[in-house]
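Undergrad: Sequence below, structure please.
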Amino acid sequence: MKAPPREASPSEFFLRHLPLYLDHLAVEKGLAENSLEAYRRDLTAFGRHLDEEGLGVADVGREDLVRWLGLRRSEGASPRSIARGTSAVRGLFRFLFAEKRIPLDPTSGLENPRRWMTLPKLLSREDVERLLEAPDVETPKGLRDKAMLELLYACGVRVSELASLRLGSLHLADGFVAVKGKGSKERVVPVADSSARWVARWVSGPRAKKRGAASSPWLFPGAAGRHVTRQTVFLALKAAARKAGLDPELVSPHVLRHSFATHLVDGDADLRAVQMMLGHASIATTEIYTHVSRARARKVYDRSHPRA
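TA: Numbers count the residues shown, from 1 in each chain. Sure thing, here's the model as predicted:
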């Protein structure tokens, strides 16, 4: 049986469509050659960033643009360069949607970048605890959702990595999970004992009783022998957020990943260790979390110190 074609990575997708978009900018907008080259650099860099984050083109949203902007700012990019990069990304998606090259524009409805050019969103430790307590663990679905949420926060995995986790990837007695990330690169991520217990309870309980589970390699089996979809994880997380009294629009798997990393850095975790756990190819991507921690510290100082 012929294998289905591999979905192009964001960087490959952008590379394929860039010439068409740049021609459009040159002809219709009259952009000069130096501006076109700057747009090319910006869009190539954004494509690589999405590759690094394990996101597909269809997954791009406000949080991903915000994170990229924060990373660029941490690398010393000027406000003008950041604004140009944002314009390039939004313009490309708008163009491809108009040309029917993509089914929807994931950046539609975004506000002016000056209003939301902030560091990545995250949850407080208290909000994370409320979120993790939300699923009804007395039901099979609730216990599955609890195991999902525990792993998202305990390991900082990407949503695609969580959905495709295999039973054989679990080494709960030894306190770690083997995660296969971008480019099929495997990394070892520690898992807290409390989270491991919930995952073990899901595996030995509802999962073991699920039809076809004995022959399924997936930790979270889905339909037709496949693993659960990313959408299943998103829906479980949004439902938990509503039950916990949190705004579901501000809660996503990526926000939990940001929270995981920021809370580690807040606790003086070694940045190289955080890089390894997140599966970042470059330490520069991980360094954004030091800026998040400093920004949070400044807010606390300004709110609390009598001299502030």
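
Undergrad: Report the central residue of this protein.
TA: Nearest residue to the geometric centre of the chain (C-alpha atoms, centre = their mean): residue 254, 3.4 Å.

Undergrad: And for it, nearest residue in space, chain neighbours not counted?
TA: residue 63 (5.5 Å; C-beta to C-beta, 6 or more residues apart in numbering). Glycine gets a C-beta too; all of them are placed from N, C-alpha and C.

Undergrad: What are the boundaries of the strands in the stretch 51-200 of the chain?
TA: For the stretch 51-200 of the chain, the strands defined by DSSP state E, counting those that start in this stretch cover 170-171, 176-180, 186-190.

Undergrad: which outside residues touch the last one?
TA: Contact partners of strand 186-190, identified using C-beta atoms under 8 Å, 6 or more residues apart in numbering, comprise 155-157, 175-181, 276-277, 279.

Undergrad: Now do the contacts for residue 243.
TA: Contacts of residue 243 by C-beta under 8 Å, 6+ apart are 134, 135.

Undergrad: can we see that at 7 Å?
TA: Each residue near residue 243 by C-beta atoms under 7 Å, 6 or more residues apart in numbering is listed here: residue 134.

Undergrad: gap between it and residue 195?
TA: Residue 243 is 19 Å from residue 195, where distance means C-beta to C-beta, to the nearest Å.

Undergrad: Start and end of stretch 237-255, how far apart?
TA: One end of stretch 237-255 to the other measures 11 Å (C-alpha to C-alpha, to the nearest Å).

Undergrad: quick one: buried residues of it?
TA: 237, 239, 240, 241, 244, 246, 248, 251, 252, 253, 254, 255 (16 or more other C-beta atoms under 10 Å).

Undergrad: try stretch 54-72
TA: Buried positions in stretch 54-72, judged by neighbour count with 16+ other C-beta under 10 Å: 54-57, 59-60, 63-72.

Undergrad: same deal with stretch 216-233?
TA: Judged by neighbour count (16+ other C-beta under 10 Å), stretch 216-233 contains these buried residues: 216, 218, 219, 220, 221, 227, 228, 230, 232, 233.

Undergrad: Could you pull up the contacting residues of the residue nearest to residue 106 when sequence neighbours are not counted?
TA: Nearest residue to residue 106, sequence neighbours excluded (C-beta to C-beta, 6+ apart): residue 60, at 4.3 Å. Residue 60 is in contact with 50, 106, 107, counting by C-beta under 7 Å, 6+ apart.

Undergrad: Tell me how far residue 60 lies from residue 90.
TA: Distance of residue 60 to residue 90, computed by C-beta to C-beta: 10 Å.

Undergrad: Show the contacting residues for residue 26.
TA: Residue 26 makes contact with residue 36, according to C-beta under 7 Å, 6+ apart.

Undergrad: picking up where we left off before, do I have it right that the residue nearest to residue 254 meets residue 256?
TA: No: taking contacts as C-beta atoms under 7 Å, residue 63 lies outside contact range of residue 256: 11.4 Å.

Undergrad: what about residue 46, which helix or strand?
TA: Using DSSP states H and E, residue 46 sits within helix 33-53.

Undergrad: quick one: low-confidence parts of the stretch 51-200 of the chain?
TA: 58, 61-62, 109-120, 183 (pLDDT under 70).
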